[in-house]
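**Q** sharing a model that was predicted from the sequence below.
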Amino acid sequence: MFIISLTYIKSLEEVDSLLREHVAYLSEQYSLGNFLVSGRKVPRNGGIILARGVVREEIETIITLDPFYRHGIATYEIMEFSPTMTVDQLAFLRE
């Protein structure tokens, strides 16, 4: 499983100008089963994506499809981890 941390390096106006395309990208990745959870950081200086079911090289390729990546809006940090404990409702995430 992977935590993908985005940090904006452009203004929020530039972020917002590509938000619709970014949401379409997220929706596609959800439909492909690559992403499980995503949302804005608080304060709004980036976002977090929880991804699973792929290897790191695939995650690195997947993020290049993000309009924020293609237009240099954000930097990306990929952290891999193995979830070993969850609440019962998220047991399917345990490895």
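**A** Received the coordinates, thanks. Just so you know, these numbers come straight off a predicted model, no measurement behind them. Numbering: from 1, shown residues only.
**Q** so who does Asn45 touch?
**A** Thr7, Tyr8 (C-beta atoms under 8 Å, 6 or more residues apart in numbering). Every residue, glycine included, has its C-beta placed from N, CA and C.
**Q** revised request: answer the last question for Thr7.
**A** Thr7 sits next to Asn45, Gly46, Ala74, Thr75, Glu77 when contact means C-beta under 8 Å, 6+ apart.
**Q** which residues are in contact with stretch 49-60?
**A** With contacts defined as C-beta under 8 Å, 6+ apart, stretch 49-60 is touched by 1-4, 6, 26, 29, 33-38, 62, 78, 80, 93.
**Q** can you name the next helix or strand after the longest helix along the chain?
**A** As assigned by DSSP state H, the longest helix anywhere in the chain is helix 19-31. Using DSSP states H and E, the next helix or strand after helix 19-31 towards the C-terminus is strand 35-40.
**Q** from the contacts of Thr7, which ones fall inside strands?
**A** In strands, defined here by DSSP state E, the members of the contacts of Thr7 are Gly46, Ala74, Thr75, Glu77.
**Q** out of those, which comes closest to Glu14?
**A** Within these, the smallest distance to Glu14 is 10.1 Å, found for Ala74 (C-beta to C-beta).
**Q** so that closest one sits right up against Ile48, yeah?
**A** No - using C-beta atoms under 8 Å as the test, Ala74 is too far from Ile48 to be in contact (11.6 Å).
**Q** those two: which is more packed in?
**A** Ala74 (22 against 13; other C-beta atoms under 10 Å).
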